[in-house]
Structures are given as C-alpha cells and as structure tokens.
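# take this sequence and fold it.
(one chain, ligands or ions: 2)
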Amino acid sequence: ACSRKNRNAALHPLWQSPLTIPGGTRQSPINIQWRDSVYDPFLKPLKISYDPTTCLHIWNNGYSFLVEFDDSTDRSIIVGGPLENQYRLKQFHFHWGAINDWGSEHTVDSKFYPAELHLVHWNAVEYPSFEEAVMEGNGLAVIGVFLKLGARHEGLQTLVDALPAVKHKDTVIEFDVFDPSCLLPSCPDYWTYAGSLTTPPLTESVTWIIKKKPIEVDEDQLEAFRMLLFTSDGEEEKRMVDNFRPLQPLMDRTVRSSFQ
Ligand SMILES: COc1ccc2c(ccc[n+]2C(=O)c2ccc(S(N)(=O)=O)cc2)c1
Ligand SMILES: [Zn+2]
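Ligands and ions are numbered 1, 2, ... in the order given. As a prediction, the model looks like this:
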C-alpha cells in the first residue's frame, strides 16, 4: 500500500504542503461551466500592449519555466476588460500534462486541455511592488490561454528552441526580444472571475481572465515542455510534467463572460 508519506514523497515538493488554505473562499483553478457563466455587457474589451524589448530571460524555477519581463516601467501593460487599473506584465509560464488528455489548470465544461499559458500582471498603480500586490485582493491579473493539439505555433517555436538551455531547475537563459501577444488567440472573447494563485502562496489576489478560444500547438512543441526537469543538474531526473493544481470549489462565485 502506498502510505501517505510515500505518496507525498511522490508528489512534487510544492504539493507536499496542505493543498488548501484555511478559509479560502476564492481559490483557483476552477471548472468553467459555460452555461452557468453570466454575460456582462459592461465588461470592456481587454487592451493589451506589450513591448517585446522588455523581455529579459527564461528561468526554470523547478515548477514551470517562466519568461520574465522588466516591470520597472509601464511599457508592457494590460488595461480594460474587468480591470479598474492598468496592470504591468511580470512573467508568463505554462502548466502541462504528461499526456495530451490533461495538463490545463482550468477546465471548460469539465474538459481539460493539454496545456495552459498564464500571463501574470500586477497592479503597479496601487502597489509599489509585485510582492506587495501578491497579497492584495486586486493585486494581480492573470490571462489564461488554453493550448490545444493542432498546427505548429511559429511564435511559440522561438521559445521552444531555447528550452534545452533551461532543462534543469534553477537554470536561466537570456531571452531578449519576444512579444507574448503572439501567443494570444485573435478572438477577443473571455471569461473572468475572482481567484487565487494556483501555486503557493495561493494568495487570493488574482482577477482571472480566461480566453474562450485556445491557441494551437503541435505534438513536438508539447513534447519539448515535457523534456524539462523538476530537478537540478546532478539530481535523479524527474520530468517536469503534470505541474497543475487540482480543481477548487467555486463556492459563492459567478463567472462572467464578455460574450453572449
Ligand atoms: C510572495 O512570495 C511569492 C509570490 C509569488 C510567487 C511565489 C513563488 C512562486 C510563484 N509566485 C508567483 O508569482 C506566481 C504563482 C502562481 C501563479 S499562477 N499559476 O498564474 O496562479 C502566478 C505567479 C512566491
Ligand atoms: Zn500558472
């Protein structure tokens, strides 16, 4: 029998701590039941303006790979949509599965996608730093984009080509010009709800903006994600796969849609 201790040991260290936070009322990810989402005609279009030269590096942090941006000015921002302020792009990263049947964090009508992109922004109008914004109810805005298996994504390929250089945990590679808007679907439709970070510290500080339409990537590109490692160079290799959090209860929340 797999004792709890052994089972925990099998889990990535990030998940050996309790999976729920006491008193959590707005945890993420959630299942988005399309027919229960409520069209909000007052939702504005989301305006995205990224400056590709704010791109800094790619970093394997032992849980995902992050593409980080210079967020010392308002050069890469989003505004509108459900947001009261403009938010600065800090990083984007992905969550994916070992196989194509699962991998996304959010689901739509209980359907998993093989991967999900998160573009992480913070409210630099009201808070002095990302670390402080992480602790506030309106501190962060994360755009979620589903990835589905299909045609090769040319924009993603420049990123995929750099991944072997960050195979191990705590490796970094310079990545100095990339426009993440090439990873967004052209359809403007989205769902939005109040949620949390999906990794520790799990703080309930995220306005989620989940794009209705997925982008297409091919099998080789998903396999490139799966050859990354959770482990550092010299440690016993553990493939970086299934780095998504289990679904959380909706509780007293409504998911709004920007479309009818
Ligand atoms: C205050 O201490 C912190 C704060 C944030 C941390 C973090 C460790 C990992 C990721 N983060 C993140 O920034 C983070 C975590 C999860 C997500 S997610 N998957 O988009 O919800 C986005 C960003 C520690
Ligand atoms: Zn994420």
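# of all the residues in stretch 231-243, which ones are buried?
Under the neighbour-count criterion of 16 or more other Cβ atoms under 10 Å, stretch 231-243 has 240, 241, 243 buried. (Each C-beta comes from the backbone N, C-alpha and C, glycine too.)
# the stretch 1-150 of the chain against ligand 1: which residues are in contact?
Residues of the stretch 1-150 of the chain lying close to ligand 1 (Cβ under 6 Å from any ligand atom) are 118, 120, 131, 134, 142.
# quick one, strands of the stretch 1-150 of the chain?
For the stretch 1-150 of the chain, the strands defined by DSSP state E, counting those that start in this stretch occupy 31-32, 38-39, 46-49, 55-60, 65-69, 77-80, 87-96, 107-108, 115-122, 140-149.
# tell me which residues in the third one are buried?
The reference is to strand 46-49. By neighbour count on 16+ other Cβ under 10 Å, the buried set for strand 46-49 is 46, 48.
# would you turn the buried residues of stretch 231-243 into a markdown table with secondary structure?
As requested, those are arranged in a markdown table below (DSSP: H, G, I helix; E, B strand; the rest coil):
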| residue | secondary structure |
| --- | --- |
| 240 | coil |
| 241 | coil |
| 243 | coil |
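# the residue of the stretch 1-150 of the chain found nearest ligand 1 - how many residues pack around it?
Closest approach between the stretch 1-150 of the chain and ligand 1, counting by Cβ to the nearest ligand atom: residue 118, at 3.7 Å. For residue 118, the neighbour count with other Cβ atoms under 10 Å is 22.
# could you pull up the contacting residues of it?
Residue 118 makes contact with 92, 93, 94, 95, 105, 142, 143, 144, according to Cβ atoms under 8 Å, 6 or more residues apart in numbering.
# where exactly do the helices run in the stretch 51-200 of the chain?
Along the stretch 51-200 of the chain, the stretches classed as helices by DSSP state H, counting those that start in this stretch are 130-133, 154-160.
# mind putting the ones you listed into a markdown table with mean neighbour count, mean pLDDT and distance to residue 49?
Putting the helices of the stretch 51-200 of the chain into a markdown table (neighbours: other Cβ atoms under 10 Å; pLDDT from 0 to 100; distance: least, Cβ to Cβ, whole Å) gives the following:
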| stretch | mean neighbour count | mean pLDDT | distance to residue 49 |
| --- | --- | --- | --- |
| helix 130-133 | 16 | 98 | 19 |
| helix 154-160 | 16 | 98 | 17 |
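# among those helices, which is nearest residue 197?
helix 130-133 (11.4 Å; Cβ to Cβ).
# can you list contacts of that closest one?
71, 90, 122, 123, 124, 126, 127, 139, 140, 205.
# could you do stretch 253-260 as well?
With Cβ under 8 Å, 6+ apart as the criterion, stretch 253-260 contacts 26, 30, 32-33, 36-40, 43, 45-46, 81-82, 188-195, 212.
# ok, of those residues, which come out buried?
Buried members of the contacts of stretch 253-260, counted by 16+ other Cβ under 10 Å: 26, 30, 32, 37, 43, 46, 81-82, 190-195, 212.
# closest to residue 66 among those?
Nearest to residue 66 among those, with distances taken as Cβ to Cβ, is residue 195, at 19.4 Å.
# ok, now how distant is the residue lying closest to the closest one once chain neighbours are set aside from residue 259?
Nearest non-adjacent residue to residue 195, counting by Cβ to Cβ, 6 or more residues apart in numbering: residue 28, 3.5 Å away. Distance of residue 28 to residue 259, given as Cβ to Cβ, to the nearest Å: 21 Å.
# more neighbours, those two?
When residue 28 and residue 259 are compared for neighbours, residue 28 comes out ahead with 22 against 13, by other Cβ under 10 Å.
# and the more buried one, what does it touch?
Residues in contact with residue 28 (Cβ under 8 Å, 6+ apart) are 105, 106, 195, 196, 197, 198, 206, 208, 245, 248.
# so what's the residue count around the closest residue to residue 151 other than its chain neighbours?
Setting aside the residues directly before and after it, residue 151 is nearest to residue 216 in space (Cβ to Cβ, 6+ apart), at 4.8 Å. Around residue 216 there are 15 other residues, counting by other Cβ under 10 Å.
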